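In: Please work out how this folds:
(3 chains)
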Amino acid sequence: MEHVACVGAGMTIFSRRLKETGKEMCYEAVRMALEEAELELKDIDTVVCGTAPDAFDGIHMKGENLLDGCGGSKKTYMRVFTGGGTGVLAPIAGWWHVASGLSDVCLVVCEEKMSSCFPHPQSAFAHIWDPILERPLNPNLVWIFAMEMNRYMHVHNIKKEDIALVSVKNKKNALDHPSAQLAANITVDDVLNSEVMAWPVQRLDISPPSDGAAAMIFAREDVVHSITDNPVWVEGVGWCIDSTMWTNRDLYFPQYVAKAAKMAYRMAGIHNPFKDIDVAEPYDPFDYKELHHMEGLLLCKKGEAANLTKEGVTQRDGDLPTCPSGGLLGVGNPIAATMGVKACEIYWQLAGKAGKRQVPDARTGVCQAWGDLMQYGSVMVMRS
Amino acid sequence: MVQTPQGVMNMTFLSRIERPEDFRHWFGDMEAEYVYTSGVAGDTFFNGLKKGKILATRCPHCDRVFLPPRIYCENCFSELTEWIEIPNEGVVETYTVMHVDIEENPLDPPEIRAFIAMEGTDGGLLHKLNVSPDSVEIGMPVKAIFKKEKEREGKITDILYFEP
Amino acid sequence: MEKYPGEALSLEEMKKVTQEKWSPRVKYAWSCGEAMSRFLNELKKGKLIGRKCHTCGRVIFPPKMFCEICFKPTDEWVYLPDTGTVMTYSASYLDKDANRITEPILVGVIAIDGASEDMGIMHYFGEMTADEITFGKKVQAVWKPEKERTGSVTDIKWFKPLKE
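Out: A predicted model of the protein is given here:
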């Protein structure tokens, strides 16, 4: 297997609605990544496009539609799609192409245009439910998060005030991110007083739907040094999926994330995740999900993540900075394009290019994405 | 019948269907509404159509003219900022004669859809061709006929059809 | 702070740019298969049914004709009581289209008695307020009258507290 590094990344702003079409958003993100890596499109031999349900953009075969904007015309091209998990699975797929020796320089592009779905992307989510067991009950996707959050709170006896600290931290971190859609200085009381959507989920517990795109460029070891002297190496990858029968398991712990994490840590030689990892970007579409995933990533014992947050361990100046980018809660949630605040953020952190968000001396980082019907986890470990 | 690892013979569920009326179907549909905005290049193009103009973008490095226009060159990925108005002159590159509509209802008279390569570009437009099926030919010179100015909306249908 | 690419639009601005609207017209007839067909037919009779795998011993509910752990066909139909315990719940102030409603919908996952651990289904709760639902609470299905049942999960109206 070849040793693979990331040599450049880019992303658009995340916004509730962007003027650009999906193709144009991809172009802008790719342009930024190529400029950072000082490469031209002709230097890219393979393109991987990660984009989640066709139902959001409303265009069938979305990967094919975005092709030219991704720079994939007449190139080796592939689309990968695992709902929200795409944000880290797409760079993993980029890694496969290079690690296998098939590609020298691979471009990974992720895009989502949720604003096309009117009046609200909720309607596209409606089709994820089982048509026989669940749709007849007219469910709203927020219900499933509410039920998982409630179960997690119950099993570990965690209070809403402690979970709200995550939303406060991430929205504040996002103030330093140029792409941020919902960055703000809020308080725990703001979260607890916000509109109840489906108890225990309240408005400020949730990330917004967004349009956006992100790009990353991966290269093989012997090619890397001619491109940059500041590469960030992919040291471990893992992914795992559980069934859609989410009502047949106890939701308090994401076993599939733990399995994906173990796969990645074994490859990266990580034995004590809390000590060995300097910065983490777990997937945070809801505030409780950051805690849920910290435990899934084996960064702490089950039920302990809320305490670490309370103690300030996950702040940028803490022992394990978590979501220094501001995450989905602060920057935005364009499903697959969340790669911009997960994999791209870890790359920028380890390359020392994170600007005001920079975590000092970050050498090893982990990013994780999560998707589908509470079932998918993808994990990537990088080192500089 | 299959042998399980425990040595027990097991009937698979594919074996016998005795009462077909017990097998159910569940009916449903995909309800969704979409609003597709034209984007940065598209907005300029469709506003051009509204004024009766056909606009394209040009890549100075590859010397290619894109219609429909884009803000990036597919080939070298430069950002395209040069807009040009192209003459309303096209040639039928290929066509099809439709005898049924999207729901398979018969179309009488049949309609023609064609890809029209526009002069001065490396591309063209897909549109209706207002000509009888007997006289359509690949290579026919055609031009766009626009709707009356106040009826134009900034959509591809601002062109009514192409005709010789 | 540097500026990243992209041009944000407000809802008002989005209505003003050139655009196309579309709604897909797609209908489906999903085949329920053997397990769900029987499941639905039993619901019409006011009963719950699961499938048992003799190899791992699990009683799977809702029923499946294959055991996904042993990866072989399941072996036996098993009737189950219409009682269970609350695994998790939520009080939703949003309907399926994300519109706000004043009276919350009480919904959750109920682990059905007699099925293996954590074998639950999602359903409504009724005849209790949001404050009265607790984890582990024992509940009982409330059925529609026989002539109103059609063979659907909605043949159960909701789950209410079990009267001991």
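
In: Which stretches in chain C count as helices?
Out: Here chain C has its helices, by DSSP state H, at C:11-16, C:33-44.

In: Now render the ones you listed as a markdown table, adding mean neighbour count and mean pLDDT.
Out: All C-beta spots, glycine's among them, are computed from the backbone N, C-alpha and C. Compiled in a markdown table, those are given as follows (neighbours: other CB atoms under 10 Å in any protein chain shown; pLDDT from 0 to 100):
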| stretch | mean neighbour count | mean pLDDT |
| --- | --- | --- |
| helix C:11-16 | 12 | 90 |
| helix C:33-44 | 19 | 94 |
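
In: contacting residues for the spatially most central residue of chain C?
Out: Centroid-nearest residue in chain C: residue C:122, 3.2 Å away (criterion: CA atoms, centre = their mean). Contacts here follow CB atoms under 8 Å, 6 or more residues apart in numbering or on different chains; on that basis residue C:122 touches A:133-134, A:137, A:139, A:143, A:147, A:247, C:107-109.

In: Residue B:55: which element?
Out: strand B:54-59 (DSSP states H and E).

In: Give the next helix or strand downstream of that strand.
Out: strand B:64-66.

In: Spell out which strands sit alongside that next one in the sheet and which way each one runs.
Out: strand B:54-59 (antiparallel) (DSSP bridges).

In: So is stretch A:295-315 next to chain C?
Out: No. Stretch A:295-315 lies out of reach of chain C by CB under 8 Å from any CB of the partner chain, never closer than 15.3 Å.

In: Would you mind writing the CA trace of that stretch as PDB?
Out: Taking Å, rounded to 0.1, in the frame of the first residue of the first chain, the C-alpha atoms of stretch A:295-315 are listed here in PDB:
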ATOM      1  CA  GLU A 295     -17.600   8.100  23.000                       C
ATOM      2  CA  GLY A 296     -18.000   6.200  19.800                       C
ATOM      3  CA  LEU A 297     -14.500   7.400  18.800                       C
ATOM      4  CA  LEU A 298     -13.200   5.900  22.100                       C
ATOM      5  CA  LEU A 299     -11.800   9.300  23.100                       C
ATOM      6  CA  CYS A 300     -13.300   8.800  26.500                       C
ATOM      7  CA  LYS A 301     -15.400   6.200  28.400                       C
ATOM      8  CA  LYS A 302     -19.100   5.900  27.800                       C
ATOM      9  CA  GLY A 303     -21.100   8.700  29.500                       C
ATOM     10  CA  GLU A 304     -17.900  10.800  30.100                       C
ATOM     11  CA  ALA A 305     -18.000  13.100  27.200                       C
ATOM     12  CA  ALA A 306     -20.300  15.600  28.800                       C
ATOM     13  CA  ASN A 307     -17.900  15.900  31.800                       C
ATOM     14  CA  LEU A 308     -15.000  16.500  29.600                       C
ATOM     15  CA  THR A 309     -16.900  19.300  27.900                       C
ATOM     16  CA  LYS A 310     -17.900  20.800  31.300                       C
ATOM     17  CA  GLU A 311     -14.200  20.800  32.400                       C
ATOM     18  CA  GLY A 312     -13.100  22.700  29.200                       C
ATOM     19  CA  VAL A 313     -11.100  19.700  27.900                       C
ATOM     20  CA  THR A 314     -12.600  20.100  24.400                       C
ATOM     21  CA  GLN A 315     -12.000  23.800  24.100                       C
END
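
In: Just the contacts of residue C:122: which are in helices?
Out: A:143, A:147.

In: From the contacts of residue C:122, list the buried ones, please.
Out: The neighbour-count test (16 or more other CB atoms under 10 Å in any protein chain shown) marks A:133-134, A:137, A:139, A:143, A:147, A:247, C:107-109 as buried among the contacts of residue C:122.

In: Can you tell me which of the residues you listed is closest to chain B?
Out: Within those, the smallest distance to chain B is 9.9 Å, found for residue A:133 (CB to the nearest CB).

In: if I read this right, the closest one contacts residue C:152, doesn't it?
Out: No. Applying CB atoms under 8 Å as the test, residue A:133 and residue C:152 come out as separate, 9.9 Å apart.

In: Kindly reformat the contacts of residue C:122 as a markdown table containing distance to residue A:309.
Out: Converted to a markdown table, these look like this (distance: CB to CB, whole Å):
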| residue | distance to residue A:309 |
| --- | --- |
| A:133 | 35 |
| A:134 | 32 |
| A:137 | 34 |
| A:139 | 30 |
| A:143 | 25 |
| A:147 | 22 |
| A:247 | 29 |
| C:107 | 28 |
| C:108 | 27 |
| C:109 | 27 |
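
In: List the ones among the contacts of residue C:122 that fall in strands.
Out: Within these, residues falling in strands by DSSP state E are C:107-109.

In: so which of those residues are also by chain A?
Out: C:107-109.

In: Make CSV out of those and add pLDDT.
Out: Listed next are those as CSV, based on pLDDT from 0 to 100:
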residue, pLDDT
C:107, 96
C:108, 95
C:109, 95
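
In: what's the offset of stretch A:271-288 from the middle of its chain?
Out: Centre-to-centre, stretch A:271-288 and its host chain are 12 Å apart (CA atoms, centre = their mean, to the nearest Å).

In: Any residue of it touching chain C?
Out: No. Judged by CB under 8 Å from any CB, stretch A:271-288 stays clear of chain C, getting no closer than 12.7 Å.

In: What are the buried residues along that stretch?
Out: Neighbour-count burial for stretch A:271-288 [16+ other CB under 10 Å]: A:273-274, A:276-288.

In: tell me how far the ends of that stretch are from each other?
Out: By CA to CA, to the nearest Å, the extent of stretch A:271-288 from end to end equals 26 Å.

In: Let me know the average pLDDT across it.
Out: Averaged across stretch A:271-288, the pLDDT comes to 96.

In: Any chance of the buried ones among the contacts of residue C:122 in TSV with distance to chain B as columns?
Out: Below are the buried ones among the contacts of residue C:122 laid out as TSV (distance: CB to the nearest CB, whole Å):
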residue	distance to chain B
A:133	10
A:134	11
A:137	13
A:139	14
A:143	18
A:147	23
A:247	18
C:107	20
C:108	23
C:109	21
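
In: among the buried residues of stretch A:271-288, which two are most distant?
Out: Using CB to CB, these reach their maximum pairwise distance at A:276 and A:286, which is 27.1 Å.

In: count of residues packed around residue 27?
Out: Because you didn't say which chain, this covers chain A. 31 (other CB atoms under 10 Å in any protein chain shown).

In: ah, no, chain C please
Out: As a burial measure, residue C:27 scores 8 neighbours (other CB under 10 Å).

In: Please apply the same query to the one 5 residues further on.
Out: Burial of residue C:32 is recorded as 20 neighbouring residues (other CB under 10 Å).

In: what are the ranges of the strands in the chain?
Out: I'll assume chain A. A:4-11, A:46-50, A:76-80, A:105-113, A:117-118, A:196-199, A:201-202, A:211-220, A:232-241, A:279-281, A:364-371, A:376-383.

In: The chain in question should be chain C.
Out: Using DSSP E, strands in chain C cover C:19-22, C:27-31, C:48-52, C:59-60, C:66-67, C:72-73, C:76-80, C:83-94, C:100-112, C:120-124, C:138-143, C:156-161.
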